[in-house]
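1. here is a sequence with its predicted model. Questions after.
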Amino acid sequence: MSLASIDVGLKRIGVAICVGSNIVTPKDPILRKNRNQAARDVNTFLKEWDIKKLIVGFPSSSEDMQKRIKHFVALLELKIPYEFQEENMSSIEAEDLIKGEIKYKRDGRIDSIAAKIILERYLTKD
């Protein structure tokens, strides 16, 4: 089953996929101009990769971000199942993984690596 994960942020949405195996690949992040444009871009991404299930990073520590993420997911008008997956510390873990490799942290690669970590956590739980 082809899976995708998103790490929803206020400026960027990190994206990762797992197609046909348990190898998770970060993809180019989606830049947010506004939430409707970002939702359209996520929907397009899911269709292009024929994704069958979406895993959404969900912070247990911030109620404000939980509300924002739930609202964003509602904008997606998903026709596939989705699940929330605990994302705590995934961005910090992503930064640690690539220390020294990236000069510009705002290009979104960290966001997509965080999405990769979230999807890997989902695949290895149970």
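-> Right, received. Where do you want to start?

2. which positions in stretch 6-17 come out as buried?
-> For stretch 6-17, the neighbour count (16 or more other CB atoms under 10 Å) marks 6, 7, 8, 9, 12, 13, 14, 15, 16, 17 as buried. (C-beta placed from N, C-alpha, C; glycine too.)

3. from the residues you listed, pick the one nearest residue 111.
-> When those are compared for distance to residue 111 (CB to CB), residue 14 wins out at 3.1 Å.

4. and the buried residues of stretch 6-17 as CSV, adding pLDDT and secondary structure?
-> As requested, the buried residues of stretch 6-17 are arranged in CSV below (pLDDT from 0 to 100; DSSP: H, G, I helix; E, B strand; the rest coil):
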residue, pLDDT, secondary structure
6, 96, strand
7, 94, strand
8, 93, strand
9, 88, coil
12, 92, strand
13, 95, strand
14, 94, strand
15, 96, strand
16, 96, strand
17, 97, strand
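
5. which residues in the protein form strands?
-> 3-8, 12-18, 25-31, 53-58, 82-86 (DSSP state E).

6. how much does the third one deviate in direction from strand 3-8?
-> Using axes from the mean of the first three to the mean of the last three CA atoms, to 10 degrees, one finds that strand 25-31 and strand 3-8 are set 40 degrees apart in direction.
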